[in-house]
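Peer 1: The following comprises the amino acid sequence and a computationally predicted model.
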Amino acid sequence: MSGLRMPDPDADVMARRAEIAAALRTILPTDSIITAAESLRVYESDGLTAYKQLPMIVALPETTEQVAQILKYCTAQGIKVVPRGAGTGLSGGALPLADAITLGLAKFNRILDVDIENRAVTAQPGVTNLAITNAVEHAGFYYAPDPSSQIACTIGGNVAENSGGVHCLKYGVTTNNLLGLELVTMDGEVLRIGGKHLDSDGYDLLGLITGSEGLLGIITEVTVRILKKPASARAVLLGFDSNESAGECVGRIIANGIIPGGMEMMDKPAIHAAEDFAKAGYPLDVDALLIVELDGPQVEVDELLKRVISVAKDTGAVYDRTSKTEAERLKFWAGRKSAFPAIGRLSPDYYCMDGTIPRKALPRVLKRMRELSAQYGLGVANVFHAGDGNLHPLIMYDANKLGELEKAEDFGSDILKLCVEVGGVLTGEHGVGVEKRDLMPIMFSEDDLKQQQRVKCAFDPNSLLNPGKVFPQLHRCAELGRLHIHRGEVRFPNLPRF
Amino acid sequence: MSTALRPNTAIEVGEIIAWAAAEDTPLSIVGRGTKTGLGNVAHTEHTLDLAHLSGITLYEPEELILQAKAGTPIAEIEAVLTEKNQMLAFEPPDLGPLLGTAPNAGSIGGVLACNLSGPRRFKAGAARDHFLGASAYSGRSELFKAGGRVVKNVTGYDLCKILAGSYGTLAVMTDVTVKVLPAPDKVRTVLISGLDDDGGLHAMTQGLLSALEISGAAHIPATLTPRSGVDYVSQSGVALTALRIEGPAGSVEDRCTALRKLLSAYGETEELHSRNSTVFWKEVGNVYSFAHESRAVWRISVAPQAGARAGALIRTVPNAECYYDWGGGLLWAAVPPEGDVGASAIRNAVAQVGGGHATLIRAPEDLRGETTVYQPQESGIAALNARLKSAFDPKGILNPGRFAVSA
């Protein structure tokens, strides 16, 4: 494991492994508890495969009551728990700990309620993102957030990571499409939050839990809102001589009052890799390519397409091609959606980054990225959710070459530092996990991080749930709660009082 | 008598909170004071008033973001956005007139702290969905950052969400960043006349189940339409069911035609054009119907299909009336300002139709002091909320007693 330090495993807990497994067998059927090394191997990493660790035990509950009992037991015994959905996460949020139970939610795989009239679906957390859309497609509805992993990733994992996708500038990320949750806290208490109604009474726990990366509770039920499929959708490919012109075009489209359903950008290495892989019909003689998709009523799509193409030409587009058929539109997307595997063919390994920047900083960031690429001697291809400024640089390396993984990680860190430097953030949709954990102080002050950890303490005072993720330093809750008062120091005599 | 402290800088806000924490002195937190009548009655000797923390500090239309000091008037922000054909898509309501304070005077900090959203809420999201970042002082007088200044961010916990709707009980925001969006070229409203509540709900649902991208859906009963400032509405003499369509001109016209055809079975339809539409939806969001009278006012959120049933149960309270927004999911109810102000009947109604929440938005102070203004919470949730309050404000000096969870 390169340079990443996880909390020291508790030798006492590890020594009690057999006893713990026996206790779990009183809660779950025997075949829902995994202890054999070869079966644990399946769970040793998530989508961030550079980091691996065998869990102590894997438990696969299938009812809320079982989850509550397991957590009660773990709290009483001081045993750590790492939640896991489908394990597709890209930031190591489900990376096991040697002294922890990995709690897999895969058996929570049922859709519980499809309520078209209230535009809501209730599902167990192990249901895949795409299965929700499949359950409502017959009525012309869909679930909007569409991460690239949507055939495999689960709705519970989506809530934990606050997942996005290519359509989220217009339709929002998970948090904007969530109505209700059932959550089991580390002490085994079952909380029901929200429902089919809008907005929260009390504090917005729904919003706080979304994107909390499995550190606050175990999600056992999710209610999302569904949307009617747009009446039509068309996409246009726009080619540019430079990344700068393409970036400029994106800004002007938005300034023109148009929020496209999707607006993706690829740089030259990404265009070539994707075209080679997917034969999407991309032009190969441009330096940057935009895919802009308009969706909605036919007449609106036609009108906005004209405006987008006109803006693009004014910004120096040298290529434009509008989809004539649904098959052609899907082909445009097939290239973009296969960018990751396409890069995978060019390079033995790649490392996918996820910073967000203010869009206007794009030329500066891309220029610096090219310099860094030369400095590290590693290639980089860029795909970019251009509408919302979310970058996905793909750093190409070979893990079998000594030191290249570390070099790729250093390159990645430099990119993320750059994102923060220009006013952006470390992660737009993949989460912090272990991957960006040690970079958190670049973006947050000590007080910022302490305040976030106090929130964690309100849910999990003993830090048993997914410790070692998100926060670079573990503080004891008692220490975080201390208040240092400087009595009588402040008088603010100059303040106006009325 | 309360003393108002009016800091001119964020640093002074921190100094005041440090002093209050040291002296165990509770503070009432006020943006521009238009919503002080909303919430549990709670008096403190000192008020921290953010009116002097005012001004837009950054506006980047192409990045879809605007940053402002917390006490900046919404009106100032909306004027600047209008110049660039943009808007706050969550339609911040102006509850000033309803609550008996000046119209159009609320602050961005206040709207976010109360998570108030208008008729577009079900399509475009609530205030909290457009709240990207904040600087705030906790009750520990520590400055912390929530979120960022880009539209897509999952770095760390989303503290903006919990600040939104916390009624100033967790932290005092000094600067906020919000997402802004292009304003529509054109607005139209299709009106159907004479439906009862069930019929209105049914018609709204038909619209919302279509692909016509409805951005407002309200039903106003016949007793309340005469109160509108839009002539067509006030002179209709009947209940009106209203569905809003926004977007590029050609698209709006096409969709209006399609919507009127879709809803033709429900009766005669009419259209309000841009200006009247704008006034009408402001009235819906600002609760204009109940602004100029003395009854108490409740805001009730339920599943959209439960709206009409909840309404029927609420109307069993003598002299109660209600209208519907959010396609039936939001009810505004007026009840006589006496007894428990309809609390038990309204809370029973919410429970009977499958759950949601009801908040007493306006009532005389003595009655607000005697009833539960916010939805009572399950014990587990209440305990968690109390721990969260303590995680931000361990001494309980920020707006003590004001919100459901800070009793």
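Peer 2: Right, received. Where do you want to start?
Peer 1: residues near the residue in the stretch 151-300 of chain A that chain B sits nearest to, how many?
Peer 2: Closest approach between the stretch 151-300 of chain A and chain B, counting by CB to the nearest CB: A:Gly207, at 2.6 Å. (C-beta placed from N, C-alpha, C; glycine too.) With neighbours defined by other CB atoms under 10 Å in any protein chain shown, the count for A:Gly207 comes to 30.
Peer 1: Who are the packing partners of the helix or strand where it lies?
Peer 2: Assigned by DSSP states H and E, A:Gly207 falls within helix A:205-209. With contacts taken as 3 or more CB pairs under 8 Å, 6 or more residues apart in numbering or on different chains; DSSP states H and E, helix A:205-209 sits against strand A:178-184, strand A:190-194, helix B:159-163, helix B:379-392.
Peer 1: With mean pLDDT, distance to A:Ile415 and mean neighbour count added, can I get these in TSV?
Peer 2: Output for those, formatted as TSV (pLDDT from 0 to 100; distance: least, CB to CB, whole Å; neighbours: other CB atoms under 10 Å in any protein chain shown):
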stretch	mean pLDDT	distance to A:Ile415	mean neighbour count
strand A:178-184	98	30	23
strand A:190-194	97	36	20
helix B:159-163	98	25	27
helix B:379-392	96	33	19
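Peer 1: Let me have those in a markdown table, extended by distance to A:Phe384.
Peer 2: Formatted as a markdown table, the helices and strands packed on helix A:205-209 follow (distance: least, CB to CB, whole Å):
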| stretch | distance to A:Phe384 |
| --- | --- |
| strand A:178-184 | 26 |
| strand A:190-194 | 33 |
| helix B:159-163 | 24 |
| helix B:379-392 | 36 |
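Peer 1: which one of those lies closest to A:Gly335?
Peer 2: strand A:178-184 (30.7 Å; CB to CB).
Peer 1: contacts for the helix holding A:Gly207?
Peer 2: Helix A:205-209 is contacted by residues A:159, A:175, A:178-181, A:183, A:191, A:193-194, A:200, A:216-217, A:219, A:455, B:128, B:157-162, B:164, B:381, B:384-385 when judged by CB atoms under 8 Å, 6 or more residues apart in numbering or on different chains.
Peer 1: again, only using 7 Å
Peer 2: A:175, A:178, A:181, A:183, A:193-194, A:200, A:216-217, B:128, B:157-158, B:161-162 (CB atoms under 7 Å, 6 or more residues apart in numbering or on different chains).
Peer 1: so which two of those are the farthest from each other?
Peer 2: A:Gly217 and B:Arg128 (19.8 Å).
Peer 1: So these two - more neighbours on which side?
Peer 2: It is A:Gly217, of A:Gly217 and B:Arg128, that has more neighbours when counted by other CB under 10 Å, with 28 against 24.
Peer 1: Show the contacting residues for that one.
Peer 2: A:Gly217 is in contact with A:183-185, A:209, A:459, counting by CB under 7 Å, 6+ apart.
Peer 1: how about a cut-off of 10 Å?
Peer 2: If you count contacts by CB atoms under 10 Å, 6 or more residues apart in numbering or on different chains, A:Gly217 has them with A:67, A:71, A:83, A:160, A:181-187, A:189-191, A:193, A:205, A:209, A:459-460, A:465, B:384.
Peer 1: Against which helices or strands is the helix or strand encompassing B:Ser277 packed?
Peer 2: Element membership for B:Ser277, per DSSP H and E: helix B:274-286. Packing partners of helix B:274-286 (3 or more CB pairs under 10 Å, 6 or more residues apart in numbering or on different chains; DSSP states H and E): helix B:96-99, strand B:186-193, strand B:214-220, helix B:231-234, strand B:240-247, strand B:269-272, strand B:321-325, strand B:330-335.
Peer 1: what's the closest of the ones you listed to chain A?
Peer 2: That would be strand B:240-247 among the helices and strands packed on helix B:274-286, by CB to the nearest CB, at 5.9 Å.
Peer 1: Beyond that closest one, next helix or strand please.
Peer 2: Criterion used, DSSP H and E; the element after strand B:240-247 is helix B:249-262.
Peer 1: That following helix vs strand B:240-247, what angle?
Peer 2: In terms of direction (axes from the mean of the first three to the mean of the last three CA atoms, to 10 degrees), helix B:249-262 departs from strand B:240-247 by 150 degrees.
Peer 1: Show me what counts as buried in helix B:249-262.
Peer 2: B:251-256, B:258-260, B:262 (16 or more other CB atoms under 10 Å in any protein chain shown).
Peer 1: and the helix holding B:Ser277, average pLDDT?
Peer 2: Mean pLDDT, computed over helix B:274-286, is 97.
Peer 1: hang on, the earlier thing: show me which of the buried residues of helix B:249-262 is closest to chain A.
Peer 2: When the buried residues of helix B:249-262 are ranked by distance to chain A (CB to the nearest CB), B:Ser251 comes first, at 3.3 Å.
Peer 1: What sits closest to the closest one if chain neighbours are left out?
Peer 2: Excluding its sequence neighbours, the residue lying closest to B:Ser251 (CB to CB, 6 or more residues apart in numbering or on different chains) is A:Glu300, at 3.3 Å.
Peer 1: count of residues packed around that neighbour?
Peer 2: Other residues close to A:Glu300 by other CB under 10 Å number 23.
Peer 1: what do you get for B:Gln352?
Peer 2: By the criterion of other CB under 10 Å, B:Gln352 has 12 neighbours.
Peer 1: ok, now which ones touch the residue nearest to it when sequence neighbours are not counted?
Peer 2: Distance criterion CB to CB, 6+ apart; nearest residue to B:Gln352, sequence neighbours excluded, is B:Leu313 at 6.3 Å. Residues near B:Leu313 by CB under 10 Å, 6+ apart: B:306, B:320, B:345-346, B:348-353.
Peer 1: Just the local confidence number for B:Leu313, please.
Peer 2: Value for B:Leu313, per-residue pLDDT: 98.
Peer 1: so where does it fall, helix or strand?
Peer 2: Secondary structure from DSSP H and E places B:Leu313 in helix B:307-314.
Peer 1: now the angle between strand B:214-220 and that helix, please.
Peer 2: Relative orientation of helix B:307-314 versus strand B:214-220 (the same axes, to 10 degrees): 30 degrees.
Peer 1: returning to that earlier point: of all the helices and strands packed on helix A:205-209, which one comes closest to B:Leu98?
Peer 2: Closest approach to B:Leu98 among these is made by helix B:159-163 (23.8 Å; CB to CB).
Peer 1: What's the first helix or strand after the closest one?
Peer 2: strand B:171-179.
Peer 1: So for that following strand, mean pLDDT?
Peer 2: Averaged across strand B:171-179, the pLDDT comes to 98.
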